[in-house]
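Colleague: can you look at this prediction? I've put the sequence above it.
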Amino acid sequence: MKGIERKNRYFSLCGLNCALCPMYVGGYCPSCGGGAGNQSCCIAKCSLEQGGIEFCFECKKYPCEHYRDADRFDSFISYQNRKVDTEKAKNDIRAYVKEQREKEKILLWLLAGYNDGRRKTLFCTAVNLLPLQELENVMQVLRDHKTESKKENAVLAAALLQEEAKRQGISLTLRKNTDKK
């Protein structure tokens, strides 16, 4: 959005992990404050009205009406951890961004070596929602079992991530808003 300038593009104003979003990874979204962005974003507009705060948790009105039902549905990225992630960032933004950078490396590694053209959303969702240690464990298994076939590697990576998500009680399916307006 025009007028938004942010130093941190890993973590959005509203608490999404931009660097783990398929739209950001694909070059379709610069994240809030990175250029044209989402012109209709009410949270970016609100940030400007509140003096250009970098994160919503810095606002004295947080959590406000923008966060009512904020985690019920997803868009291109899962919103499931948004409140938890916001609290982590609020407590120690540097440590949180460091973790997100590690997750971004894992995501880019998965996309480069294990994406058969059909796994980007799954990989983005898994890396966003699964704990870093479990992702590192999955990476090690993948390194130990890599084959010459990209399709076999993609199937194995997807199965391991789904299996780990199931163990963690996490759904890797994006939740769509089916409410009638």
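Modeller: It's in. Just so it is clear, the model here is predicted, and its values are computed rather than measured.
Colleague: give me the distance between Ala159 and Val141.
Modeller: 10 Å (Cβ to Cβ, to the nearest Å). C-betas here are computed from N, CA, C, even on glycine.
Colleague: okay, those two: which has more neighbours?
Modeller: Taking neighbours as other Cβ atoms under 10 Å, Ala159 and Val141 compare with Val141 leading, 14 against 10.
Colleague: who's in contact with the more buried one?
Modeller: Counting by Cβ atoms under 8 Å, 6 or more residues apart in numbering, Val141 touches Leu160.
Colleague: chain center to the helix or strand where it lies: distance?
Modeller: Under the criterion of DSSP states H and E, Val141 resides in helix 132-144. Its chain's C-alpha centre and that of helix 132-144 lie 19 Å apart, by Cα atoms, centre = their mean, to the nearest Å.
Colleague: buried ones in that helix?
Modeller: Neighbour counts over helix 132-144 (16 or more other Cβ atoms under 10 Å) mark Glu134, Leu135, Val138, Met139, Leu142 as buried.
Colleague: wait, the third one sits on Gln162?
Modeller: The one in question is Val138. No: with contacts counted by Cβ atoms under 8 Å, Val138 stays clear of Gln162, the gap being 10.3 Å.
Colleague: give me the low-pLDDT residue ranges for this structure?
Modeller: Residues of the chain meeting the criterion pLDDT under 70: 1-3, 33-40, 70, 180-181.
Colleague: tell me the angle the longest helix belonging to the chain makes with helix 132-144.
Modeller: The residue-count maximum for a helix in the chain (DSSP state H) belongs to helix 93-114. Interaxial angle of helix 93-114 relative to helix 132-144 (axes from the mean of the first three to the mean of the last three Cα atoms, to 10 degrees): 20 degrees.
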